[in-house]
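Participant: Quick one, what's the 3D model for this:
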Amino acid sequence: MSVNFESAKSLAAKTGWPESRIRKLIASNQLRHVRIGRTVYLPEGAIDEFLETNMVEPRAVEAK
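Facilitator: As a prediction, the model looks like this:
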């Protein structure tokens, strides 16, 4: 199994989100990650999984 990993810093640069937001999502275990020592790595696609899981679908508006 070969998985590409990226750092919180590179993910923040890629998404345009603050690095602190990425780190908070990691700390709350909302983003898939692996910790090796004190360094955290995120598998490629972790942010896509997070967004898909947390996407809110619009409700249909009922006609009056």
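
Participant: could you list every residue that touches the residue positioned nearest the centre of the chain?
Facilitator: Central residue of the chain (Cα atoms, centre = their mean): Ile47, 3.1 Å from the mean position. With contact set as Cβ atoms under 8 Å, 6 or more residues apart in numbering, Ile47 has these partners: 11, 14-15, 31. The C-beta positions use only the backbone N, C-alpha and C, and glycine is treated the same way.

Participant: mind listing the helices for the protein?
Facilitator: With DSSP state H applied, the chain shows helices at 8-15, 19-27, 46-54, listed in chain order.

Participant: The first one: how far from the chain's middle?
Facilitator: Distance of helix 8-15 from its chain centroid, counting by Cα atoms, centre = their mean, to the nearest Å, is 10 Å.

Participant: what's the burial count for Ser7?
Facilitator: 14 (other Cβ atoms under 10 Å).

Participant: for Pro58, that is, sorry about that
Facilitator: 5.

Participant: how close does it sit to Asp48?
Facilitator: 20 Å (Cβ to Cβ, to the nearest Å).

Participant: Just the buried residues of the contacts of Ile47.
Facilitator: Buried subset of the contacts of Ile47 (neighbour count, 16 or more other Cβ atoms under 10 Å): 11, 31.

Participant: Pick out the most distant pair among the contacts of Ile47.
Facilitator: Pairwise distances across the contacts of Ile47 (Cβ to Cβ) peak at 13.3 Å, for the pair Lys14 and Leu31.

Participant: ends of stretch 12-20, how far apart?
Facilitator: For stretch 12-20, the first-to-last residue distance is 9 Å (Cα to Cα, to the nearest Å).

Participant: Just the buried residues of that stretch, please?
Facilitator: Burial within stretch 12-20, assessed by neighbour count using 16+ other Cβ under 10 Å, is assigned to Ala12.

Participant: Over to stretch 41-58?
Facilitator: 42, 46-47, 50.

Participant: how about those, which pair is most distant?
Facilitator: Largest separation among the buried residues of stretch 41-58 by Cβ to Cβ: Leu42 and Phe50, giving 9.8 Å.

Participant: residues shared between the contacts of those two?
Facilitator: With Cβ under 8 Å, 6+ apart as the test, Leu42 and Phe50 both reach 31-32.
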